[in-house]
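Enquirer: Could you work out the structure for the sequence below:
(one chain, ligands or ions: 1)
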Amino acid sequence: MFSNTHFSKAKKYWYMGRFYDWSEPTFHPMTHAFHYGTSTFEGIRAYLTDRGPAIFRLKEHIDRFFHSASVVKMKVSFTKEEVIQACKDIIKENGFDQAYIRPLMFYSYGNLGLVPVHCPIELVIGAWEWAAYLGEAGEKGVYACIVPKRRIHNSQLDLSAKLGGVYVQSTINGIEARERGYDEAIFLNLEGRIAEGPGENICIIKDGVLQANSKSESILEGITRTSLLEIAPDLGLKTLVAPITKEDLFNADEAFFCGTAAEISPMTKVADMSENQENPPLYTIGTGKPGILTLKLAEAYKEVTTGKNPKYEKWLAFVNE
Ligand SMILES: Cc1ncc(COP(=O)(O)O)c(C=O)c1O
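Expert: All right, here's what the predicted structure looks like:
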């Protein structure tokens with residue numbers, strides 16, 4: 001019934017303790033999470049190393065998954081260890097060398113009042129081969145657009161939780177940016193500073209300093225961003241965690257989006273539509289080409305994720321060991 005056209009090489013998914021053929025449907029239409037976004041998810045990647053596939057920072061992802069579940073008040077019956085094992089099993093079962101892994105926990109079928117008193121918490125995990133999220137633009141340089149709508153504010157919700165419903169804002173603005181001809185959206189926060197992309201963090205490089213913002217800026221502090229801040233000094237870069245203003249971004253030597261799905265995607269041009277302008281001012285970042293230090297960081301990140309840098313082997317969960 002369901003093809004895997006846009007889920008490359010996916011053969012099986014895991015649902016509540018067993019595997020199902022990818023084409024096989026399992027949920028009732030009155031599942032609570034379909035209606036209200038009462039779900040939490042993770043995006044994790046496995047990469048091929050000399051010791052077979054390894055999942056990058058699996059523990060940190062599963063810790064965040066359980067934190068997200070607690071924010072949406074889920075009483076989870078699975079342990080972290082069980083979810084970790086299921087993530088490894090799905091790679092093995094599908095025979096992947098590398099894959100994107102998507103665990104999803106949700107209020108399932110029971111009642112449809114907003115308070116899901118009769119809805120059990122269920123867990124499903126899918127995996128497929130997913131190329132870098134921003135595709136070709138991510139390699140050539142992303143043309144981004146600061147959208148008029150401000151990011152949900154951290155005074156309204158714990159943004160360190162990846163909650164399904166919160167991503168509606170990302171979807172709407174991701175579509176709008178593309179409808180206007182841009183590759184990706186950038187959200188400002190309510191304070192008017194750079195927050196993040198719809199599913200990625202934003203970093204800038206200026207005078208040899210890698211700068212990221214923090215959760216006080218209404219962002220999800222991504223695991224990729226945090227890993228890059230740790231790797232960067234090995235390349236001789238200084239690091240700074242501080243708010244990023246629009247001017248900081250426009251005047252940066254280099255800028256990039258980063259996240260598990262997007263990996264490291266250089267940003268080369270930005271249109272500022274924050275005031276909903278018809279003809280938004282356009283800014284070129286640095287030389288207008290993917291930045292040299294950004295590409296170096298991307299290369300170093302690749303070495304880390306594929307097990308070629310022993311210093312960071314601690315971040316890899318080997319699937320077959
Ligand atoms: C809103 C948002 N910001 C940032 C990120 C980057 O996070 P990570 O590097 O942990 O994938 C993601 C992706 O999960 C995201 O959805």
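Enquirer: secondary structure element for the closest residue to Phe318 other than its chain neighbours?
Expert: Among residues not flanking Phe318 along the chain, Ala54 sits closest, at 4.8 Å (Cβ to Cβ, 6 or more residues apart in numbering). (C-beta placed from N, C-alpha, C; glycine too.) Assigned by DSSP states H and E, Ala54 belongs to strand 52-56.
Enquirer: and the residue nearest to Phe318, what are its bridge partners?
Expert: On the basis of DSSP bridges, Ala54 takes part in beta bridges with Tyr47, Phe318.
Enquirer: Surely it touches Asn320?
Expert: No. Contact criterion Cβ atoms under 8 Å: Ala54 and Asn320 do not qualify, at 9.0 Å.
Enquirer: what's Ile101 in contact with, if anything?
Expert: 42-46, 55, 87, 90-91, 125-127 (Cβ atoms under 8 Å, 6 or more residues apart in numbering).
Enquirer: Now with 7 Å, please.
Expert: 44, 46, 55, 87, 90, 125, 127 (Cβ atoms under 7 Å, 6 or more residues apart in numbering).
Enquirer: Run through who's touching stretch 310-321.
Expert: Contacts for stretch 310-321 (Cβ under 7 Å, 6+ apart): 46, 49, 51-58, 88, 91-92, 304, 307.
Enquirer: Identify the farthest-apart pair in the residues you listed.
Expert: In terms of Cβ to Cβ, the contacts of stretch 310-321 reach their longest pairwise distance at Lys92 and Val304, which sit 22.7 Å apart.
Enquirer: quick revisit: I'd assumed Tyr47 was in contact with the residue nearest to Phe318.
Expert: Yes. Taking contacts as Cβ atoms under 7 Å, Ala54 lies within contact range of Tyr47: 6.2 Å.
Enquirer: The residue in the stretch 101-250 of the chain that the ligand sits nearest to - how many residues pack around it?
Expert: At 2.5 Å from the ligand, Gly222 is the closest residue in the stretch 101-250 of the chain, using Cβ to the nearest ligand atom. Look at Gly222: counted by other Cβ atoms under 10 Å, it has 21 neighbours.
Enquirer: What of His153?
Expert: Number of residues near His153 (other Cβ under 10 Å) recorded here: 13.
Enquirer: quick one: it and Gly192 touch, right?
Expert: No. Applying Cβ under 7 Å as the test, His153 and Gly192 come out as separate, 11.9 Å apart.
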